[in-house]
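Visitor: Predicted model, plus sequence, below.
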Amino acid sequence: MSTQKVHFIAIGGSAMHNLALALHNKGFIVSGSDDEIFEPSKTRLEKAGILPPSLGWYPEKITSDLNAIILGMHARADNPELIKAQELGIKIYSYPEYIYQQSIDKQRIVIAGSHGKTSITSMILHVLKYNKRSFDYMVGALIEGFDTMVKLTEDAPLIILEGDEYLSSPLDKTPKFLHYHHHIGLISGIAWDHINVYPTFDEYVNQFEAFAEASPKGGILIYSENDDFASYICKKERDDVQSIEYDAHKNDIIDGITYLITDFGKIPLHIFGKHNMRNLSGAKAVCNKIGITDEMFYQAIRSFKGAANRLEVLNKNYSTVVFKDFAHAPSKVKATTNAVKKQYERKDLVAVLELHTFSSLNKDFLSQYKDTFKAADVPLVYYSPETVKHKNLKEISEKDIIDSFNSKDLKVFTDSQKLSDYLTGLDWNNKNLLLMSSGNFGGLDIKKLAKEIVED
């Protein structure tokens, strides 16, 4: 069999560059293009020798000897490389389609949901690796002990996939998770998001209904029993499909450490929060179905430190811990804020949320954040009016945000330096800081900020 030649249009994206690295590691000849490539994608592609020599789109790179084109969401439908590929009749895949093609003979486990899917997927990967199982995977964050976010091999019998409900490519409006054709599917919960492509909640929920309906005969659906929408969808009778529910694992918090309560005694954890106790139960339910016993699971999970940007500790001292978290959607903000406050009940919580996504900056969506910040003693919101303009959204004001969050104590910042000055000016004795964003707080160096706060 000849070596496969694959070209990536928009190779710099998080998922795209990780898939490129996985195929390169598999022995494929990989090329790609993009008009912008940021870190860490740039360094990782360069180290592998597959970083495009210059930015931009080059139709001459598209030749008839290519076996496949993989098209990223960042590319537009009028991309000159895409047009050339269409003219030559080269097979064009979205990255979820291509991952399916690479895993067609494997048992496919797909973790879906509006929140928690990265954490659940990460827990499963950690447990399988600890127990020396052979597996492939695709996950949305870097995990300790794993070099890439995607791994594809010829011989692994199963693949664990984080299933995103967003569109697959500019040409393919199918939700990504429907391309994977799961044997075991998990839905962690459903809370409206991505309103730029799902303008009503019903349209959003329908994607998860389609995911559940795609379960094959002999398949398994695992779901969070405390989520009304996931329960409604997954409890429906489906011919020869097994439904399994889960809830937060029993646990105890002693001196700031969370312990699982199990038949094997109390198991200390690095992670915490009720949402993570639910995530852990979901991961355990999946692992039980692929040959991991409870004892094997508990032995492994005690060393799990979490995925990158998921309650990640940036710095700490005896009095203060600075956390970074990817939380941006309302359900994530509420769960993460509550988790930190409950874990450190005797410390004040300063929580900062950046409104950065299309949904979070949409004036009509802001009301979804009502009461999500109640656990914060000092609630702060940052957003960039320039980003609002760039996304062609209606202007939002400080009052709009305060009213939507239903929090009179909320402070709103539109200047990242003023936010930084405010934070460094606080007395941090017996206080924790939680920074939540899928962006970068207007270019703020949060590692430097965390150091200043902790070492002041």
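Guide: Noted; the coordinates are in hand. A quick note: this is a predicted structure, and the numbers were derived from the prediction, not measured.
Visitor: need the strands for the stretch 51-200 of the chain, in chain order.
Guide: Listed in chain order, the strands of the stretch 51-200 of the chain (DSSP state E, counting those that start in this stretch) span 68-71, 92-94, 107-112, 136-138, 150-151, 158-162, 184-187.
Visitor: Could I get those in a markdown table, plus columns for distance to Ser437 and mean pLDDT?
Guide: Where C-beta positions appear, they are placed from N, C-alpha and C, glycine not excepted. Converted to a markdown table, the strands of the stretch 51-200 of the chain look like this (distance: least, C-beta to C-beta, whole Å; pLDDT from 0 to 100):
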| stretch | distance to Ser437 | mean pLDDT |
| --- | --- | --- |
| strand 68-71 | 28 | 98 |
| strand 92-94 | 27 | 96 |
| strand 107-112 | 23 | 98 |
| strand 136-138 | 23 | 97 |
| strand 150-151 | 24 | 96 |
| strand 158-162 | 20 | 98 |
| strand 184-187 | 25 | 98 |
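Visitor: Go through those and pick out the most buried.
Guide: With neighbours taken as mean count of other C-beta atoms under 10 Å, the strands of the stretch 51-200 of the chain reach their highest mean count in strand 184-187, at a mean of 27.
Visitor: helices or strands up against it?
Guide: strand 107-112, helix 201-213, strand 220-224, helix 228-234, helix 274-289 (3 or more C-beta pairs under 8 Å, 6 or more residues apart in numbering; DSSP states H and E).
Visitor: list the helices and strands the second one packs on?
Guide: Counting contacts by 3+ C-beta pairs under 8 Å, 6+ apart, helix 201-213 is packed against strand 107-112, strand 184-187, helix 228-234.
Visitor: Now do the contacts for the residue nearest to Lys374 when sequence neighbours are not counted.
Guide: The shortest distance from Lys374 to any non-neighbouring residue, by C-beta to C-beta, 6 or more residues apart in numbering, is to Ser407 (7.4 Å). By C-beta atoms under 8 Å, 6 or more residues apart in numbering, the contact set of Ser407 is 373-374, 379.
Visitor: Pretty sure Ser407 sits in a strand.
Guide: No - membership of Ser407 in a strand is not supported by DSSP: H, G, I helix; E, B strand; the rest coil, which gives coil.
Visitor: Check what pLDDT it gets.
Guide: pLDDT, Ser407: 90.
Visitor: Next one: it relative to Ile90, how far apart?
Guide: 53 Å (C-beta to C-beta, to the nearest Å).
Visitor: can you check Ser122 too?
Guide: Counting by C-beta to C-beta, the gap from Ser122 to Ile90 is 35 Å.
Visitor: who's more crowded, the two?
Guide: Using other C-beta atoms under 10 Å as the criterion, Ser122 and Ile90 rank with Ser122 on top: 29 against 18.
Visitor: Contact partners for that one?
Guide: Taking C-beta under 8 Å, 6+ apart, we find Ser122 in contact with 139, 141, 143, 304, 306-307, 310.
Visitor: go again using 10 Å as the cut-off
Guide: Contact partners of Ser122, counting by C-beta atoms under 10 Å, 6 or more residues apart in numbering, are 111, 137, 139-144, 146, 160, 162, 279, 283, 304-308, 310.
Visitor: How about Ile104?
Guide: His181.
Visitor: What of Lys431?
Guide: Applying C-beta under 10 Å, 6+ apart to Lys431 gives the contacts 319-322, 344, 347-350, 377-378, 453.
Visitor: re earlier: I'd like to know which of the contacts of Ser122 are buried.
Guide: Applying 16 or more other C-beta atoms under 10 Å to the contacts of Ser122, the neighbour count classes 111, 137, 139-143, 146, 160, 162, 279, 283, 304-308, 310 as buried.
Visitor: Distance check, the closest residue to Val378 other than its chain neighbours against Asn432.
Guide: In space, and not counting its chain neighbours, Val378 is closest to Val350: 4.2 Å by C-beta to C-beta, 6+ apart. Counting by C-beta to C-beta, the separation of Val350 from Asn432 is 7 Å.
Visitor: Ser188 too?
Guide: On the measure of C-beta to C-beta, Ser188 and Asn432 end up 26 Å apart.
Visitor: Name the residue in those two with the higher neighbour count.
Guide: Using other C-beta under 10 Å as the criterion, Ser188 and Asn432 rank with Ser188 on top: 24 against 21.
Visitor: what's around the closest residue to that one other than its chain neighbours, how many residues?
Guide: Leaving aside its sequence neighbours, Ser188 sits nearest to Gly113 (C-beta to C-beta, 6+ apart; 3.0 Å). Counted with other C-beta under 10 Å, residues neighbouring Gly113 total 28.
Visitor: start the count at 870, not 1, going forward
Guide: Yes, from this point I'll number from 870; that puts the last item at Gly982.
Visitor: ok, now which ones touch Met992?
Guide: Contact analysis of Met992 by C-beta under 10 Å, 6+ apart lists 980, 985, 1012, 1140, 1145, 1148-1153, 1155-1156, 1166, 1169-1170, 1173, 1175-1176.
Visitor: Excluding chain neighbours, give the residue nearest to Ala1081 in space.
Guide: Per C-beta to C-beta, 6+ apart, closest to Ala1081 is Ile1102, 5.0 Å.
Visitor: so how far is Ala1198 from that neighbour?
Guide: From Ile1102 to Ala1198 the distance is 19 Å (C-beta to C-beta).
Visitor: And for Met885?
Guide: Counting by C-beta to C-beta, the gap from Met885 to Ala1198 is 23 Å.
Visitor: Equivalent analysis for Tyr1167, please.
Guide: Using C-beta to C-beta, one gets 30 Å for the distance from Tyr1167 to Ala1198.
Visitor: Also Ser1003?
Guide: From Ser1003 across to Ala1198, the span is 34 Å (C-beta to C-beta).
Visitor: More neighbours: these two, which one.
Guide: More neighbours surround Ala1198 than the other of Ser1003 and Ala1198, with 23 against 10 (other C-beta under 10 Å).
Visitor: how about the residue lying closest to the more buried one once chain neighbours are set aside, what does it touch?
Guide: Nearest non-adjacent residue to Ala1198, counting by C-beta to C-beta, 6+ apart: Asp1062, 5.1 Å away. Residues in contact with Asp1062 (C-beta under 10 Å, 6+ apart) are 983-984, 1034-1035, 1070, 1073, 1197-1201, 1226-1229, 1234, 1237.
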